[in-house]
Structure formats: C-alpha cells, structure tokens
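Q: Give me a model of this one.
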Amino acid sequence: MEELTHDFLSFLPAALLALAAAGAPEVYKLAARRFLDRAKSHTASWLYILLDSFLTPVAGLFRVLLGAAAVKSLPFELVRDAVFLQYLNLTADLLVIFYLFPIPAMAIMLAGSSSGSPYGGIGFSREMIMMLAYEVPLLMIMLTVAMKVGGGSGAEFSLTKIMDYQAEHGSFGLTPVMWPAFLAWLMFLPATLGVPPFDQPEAETEILEGPLLEYSGVLLAFFHMASALKMVVALALGVVLFFPGTISDIPAVNLVWFVVKCALFMLFTLTVVKSATGRLRIEQALSFFLKYPAGLALLSLILVWIGC
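A: Okay, the predicted model is just below:
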C-alpha cells in the first residue's frame, strides 16, 4: 500500500468535487426555484406542486453522489485497496443496515426531548410511534429477501450475494412471490423519510417542525444532511433489494442507470405520494402500517418460507 504522501495537485479533483457537493445543489435549487416561480402562472397547480416537491430530494441526491465521488477520487491507495473493499463488503449487511436505519430517527427524538419545547415533546412521541410502526414491516421485508436468497440453506444477509442471486435468477421486483414485499417497501419509504402522509413528527402546519423547532445554523444543517443521507441510502437499498443490475461495462453508464432507478423510486414513492395525499393522524398511520405493509411483507415471507 503506497504511502499517503502526495502533492497538492493530486488532491485538486477531490477538492473540486467536495466544493461542487457543497455548492452545486444549492445553485440548482435556486435556479430551479426561480424557473418554477416564473412558470407558475403558466403551469397547472398539480404539476407545479409535483415539480416543487422534487427540488430538495434531487438536490440531496446530487450532494451525496458528488461527496462520494470526492472520496473516491482521493489520491490514497487506501480507498481503492482490495482489503479496504473487503471490509466494506463485510459491513454491507442487511442486519447492520437494519440496526443503523433508526439512528436518524433516534437523533430527532433526542433533539426533540432536549429542546425544552412542547412542540419538540409532541414530535418526539410521534417519531417514536412512527419508528415502531414502520420497523416491523422493514424487518419482515429484509427477512423475506434474505430467506429467498438463502433458499433451503437458511437466510443470506449479504448484499453482494443478494445482487449476485438476482443477476442469476432475475430481479425480485419482477418475481410474483416478492411483489407483496415490494409493495410493502414502497409504503415504507415515505414513512422512514418523513414525507406526507407520514410526516406527523415534523408537521409544519400543526407543530411547526416539532423536534427541530428550536434548532438553527450548524445543528439544523446536520439534521438536514442526515435526512438527505438517509433518503439516498433508503432509495439505494430499494434498488439493491428489488432492481439491481447493470446495463453496460462502462462504470459511468451504470452510475447514471443507478441514479435513474433511484429517481424513479423517489418519483413514485415520495413526490407523487406527497402531492396526492394529505397527512394522516398518528393513530391512523400506526394502524395503517400494522395492517397493510406488515400484512403484505408477512404474506411474502410465508410464501418464501413454504417454497413458492
């Protein structure tokens, strides 16, 4: 492994990509917002709402992808070393992801409980209820995928083996026995990302963003960055679990194809849902997840278990 000594120019690509990750999404949001405001009088209201709700998620996706490209372009052999990639592969495990997924929600709960605001307390309790509601179907979805890949030998939780299995046998999104789990995943995404109709913890029109009401500046930026990162991870995990695969031997083409699949997930599970639905009450959201996503995921789990 080569020593970590390089001249300034070798860091220039990573530095430029890092600056782009910090500034380009904001420039995009500003330009897109001005364009939408000018076109508002000539655009149908539903289309304006749809496009407007797309701005922040797309900017977050750009920021994370540019940040990952900055890390990848660092002139250290470490980030390209086979041993390092092997460690990444060991941690890229469904069980690890399942344990890491609640961390942003737990951070919001801690922020709300320590803010001293009554709105923060309400948001804290709502976030806890929502997390308990959507973690149940999430666990069953992951277990269904793991058991399908493992076959008769048990559950297989390695993301690499999950992708290899689908490359050989076809995407789970096109496998009838996995369709209920896929539908449950589509229902899970808006809840874990706090998008209407499942934005009860931060409901702006009710509790003024709840747990985040008393925060500003750097602390608020960290919460929004965590939300953007969680969105990218959730969308990417959905692609890996149900529609992995590449279309070319060129890495750049496959990256574009991956972004397109993430954007399609975002369009149908976040943007359209946000534009077409109203917020549920917290007890309605809890009942919904314990009935429909959990029921669909359990159906797929049973079908996989009996060998359909």
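
Q: domains for the chain, by residue range?
A: The chain breaks down by automatic domain parsing into domains covering 1-90, 92-305.

Q: export those to JSON lines and tack on mean pLDDT and mean neighbour count?
A: C-betas here are computed from N, CA, C, even on glycine. Output for the domains of the chain, formatted as JSON lines (pLDDT from 0 to 100; neighbours: other C-beta atoms under 10 Å):
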{"stretch": "domain 1-90", "mean pLDDT": "67", "mean neighbour count": "14"}
{"stretch": "domain 92-305", "mean pLDDT": "80", "mean neighbour count": "18"}
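
Q: which secondary structure elements does the helix or strand encompassing Ala39 contact?
A: Using DSSP states H and E, Ala39 maps to helix 8-39. Under the contact criterion of 3 or more C-beta pairs under 8 Å, 6 or more residues apart in numbering; DSSP states H and E, helix 8-39 touches helix 45-72.

Q: Now do the helices in this protein.
A: Applying DSSP state H to the chain gives helices spanning 8-39, 45-72, 82-91, 94-100, 103-114, 118-150, 159-169, 179-192, 204-207, 217-242, 251-266, 272-276, 282-305.

Q: Report the angle between the helix holding Ala39 and helix 217-242.
A: Between helix 8-39 and helix 217-242, the angle comes out at 90 degrees (axes from the mean of the first three to the mean of the last three C-alpha atoms, to 10 degrees).

Q: Including distance to Phe198, could the helices of the chain go into TSV?
A: Formatted as TSV, these follow (distance: least, C-beta to C-beta, whole Å):
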stretch	distance to Phe198
helix 8-39	24
helix 45-72	14
helix 82-91	29
helix 94-100	19
helix 103-114	12
helix 118-150	7
helix 159-169	26
helix 179-192	4
helix 204-207	14
helix 217-242	13
helix 251-266	15
helix 272-276	9
helix 282-305	6
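
Q: From Gly67, how far out is the closest residue to Leu183 other than its chain neighbours?
A: In space, and not counting its chain neighbours, Leu183 is closest to Leu296: 5.2 Å by C-beta to C-beta, 6 or more residues apart in numbering. Shown here: Leu296 relative to Gly67, a distance of 34 Å by C-beta to C-beta, to the nearest Å.

Q: Let me know whether Leu296 touches Ala181 as I believe.
A: Yes - shown here, Leu296 and Ala181 form a contact pair, counting by C-beta atoms under 8 Å, at 6.8 Å.

Q: so what's Ser300 closest to, chain neighbours aside?
A: Ala181 (3.7 Å).

Q: Show the contacting residues for the one you found.
A: By C-beta atoms under 8 Å, 6 or more residues apart in numbering, the contact list for Ala181 reads Met140, Ile141, Thr144, Val145, Phe172, Leu296, Ala297, Ser300, Leu301.

Q: how close does Phe11 get to Ala24?
A: From Phe11 across to Ala24, the span is 19 Å (C-beta to C-beta).

Q: right, and Val259 touches Val64 too?
A: No - in this structure Val259 lies outside contact range of Val64 using C-beta under 8 Å: 10.7 Å.

Q: if we can go back for a sec, in contact with the residue nearest to Leu183: list those residues for me.
A: Going by C-beta under 8 Å, 6+ apart, Leu296 touches Pro137, Pro180, Ala181, Leu183, Ala184, Met187.

Q: any idea how far the fourth one is from Tyr292?
A: According to C-beta to C-beta, Leu183 and Tyr292 sit 9 Å apart.

Q: same thing with Asp37?
A: Distance from Asp37 to Tyr292, counting by C-beta to C-beta: 38 Å.

Q: What of Leu213?
A: To Tyr292, Leu213 is 31 Å away according to C-beta to C-beta.
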